[in-house]
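# Sequence below, structure please.
(2 chains)
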Amino acid sequence: GDSVTQMEGPVTLSEEAFLTINCTYTATGYPSLFWYVQYPGEGLQLLLKATKADDKGSNKGFEATYRKETTSFHLEKGSVQVSDSAVYFCALRRGGSYIPTFGRGTSLIVHP
Amino acid sequence: DTAVSQTPKYLVTQMGNDKSIKCEQNLGHDTMYWYKQDSKKFLKIMFSYNNKELIINETVPNRFSPKSPDKAHLNLHINSLELGDSAVYFCASSQDSSASVVEQFFGPGTRLTVL
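Below you'll find the predicted structure:
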């Protein structure tokens, strides 16, 4: 079956540090890939997505590239802020599937 | 102008009670979902409805019963609450149930505490 594996957290960084959160997936066919972010006390919201191989999704300074050869969709940001502290979820969705598959989430803590 | 709303935001109750959580979306979406998030932030799909019909029912105790009176609402009723039901419950919706490219829109969550 489909699966998404994320690096375990928490990831703790100082402000302005470079961020990478690793995500790899297993799925048949050609899924779309997503990163969702959950700020404290809130629901998940879409951060970015990519729908085919070599696509790059980007939003709010975050980027992720759909790498089919390595089945990966790593999230990166060049300079994190305290306000980026949140839980980040990698997810995939196949065509014809009614529900997406979520990773377990990675908590990011950014210190001033 | 909230897209997906849930009530209540917090729910504290005793074991054995029955409670309901309401969800409404004003996005015109066809598909709605209920998720349970545990204390380690793990998200588990519970139910999915498409146009008021149940399409996904994961392994969930039958004490949990979803009700969809119309396309914009998906309520969750829980009978005989147990300690292990304590969690945050999220409602979500999406435009099309089967296309891979669509995103989900989540509500703010309902934190259920069973004492």
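# in stretch A:61-79, what's buried?
A:62-67, A:71-75, A:77 (16 or more other CB atoms under 10 Å in any protein chain shown). For every residue, glycine as well, the C-beta is placed using N, CA and C.
# Report the two of those separated the most.
Spanning the widest gap among these are A:Thr71 and A:Lys77, at 21.7 Å by CB to CB.
# Smallest distance to chain A belongs to which residue of chain B?
Chain B approaches chain A most closely through B:Phe106 (3.5 Å), counting by CB to the nearest CB.
# Name the residues linked to the most centrally placed residue in chain B by a beta bridge.
Closest residue to the average C-alpha location of chain B: B:Trp34 at 2.8 Å, with CA atoms, centre = their mean. Beta-bridge partners recorded for B:Trp34 (DSSP bridges): B:Phe47, B:Cys91.
# before we move on, the earlier item: now do the phi/psi pair for the residue of chain B closest to chain A.
phi -100, psi 150 (degrees, to the nearest 10).
# Tally up the residues packed near the closest residue in space to it that isn't next to it in sequence, please.
Excluding the flanking residues, the one nearest B:Phe106 by CB to CB, 6 or more residues apart in numbering or on different chains is A:Gly43, at 3.5 Å. For A:Gly43, the neighbour count with other CB atoms under 10 Å in any protein chain shown is 22.
# Repeat that for the one 3 residues further on.
By the other CB under 10 Å criterion, the neighbourhood of A:Leu46 contains 16 residues.
# cool, the one 10 residues further on as well?
Other residues within reach of A:Lys56 by the criterion other CB under 10 Å amount to 10.
# State whether it and A:Arg67 are indeed in contact, as I suppose.
No - A:Lys56 is beyond contact range of A:Arg67, at 10.2 Å (criterion: CB atoms under 8 Å).
# The lowest-mean-pLDDT helix or strand in chain A: how far from the chain's middle?
Each helix and strand of chain A was given a mean pLDDT (mean pLDDT, DSSP states H and E); the minimum falls on strand A:101-102 at a mean of 94. Offset of strand A:101-102 from its chain centre (CA atoms, centre = their mean, to the nearest Å): 11 Å.
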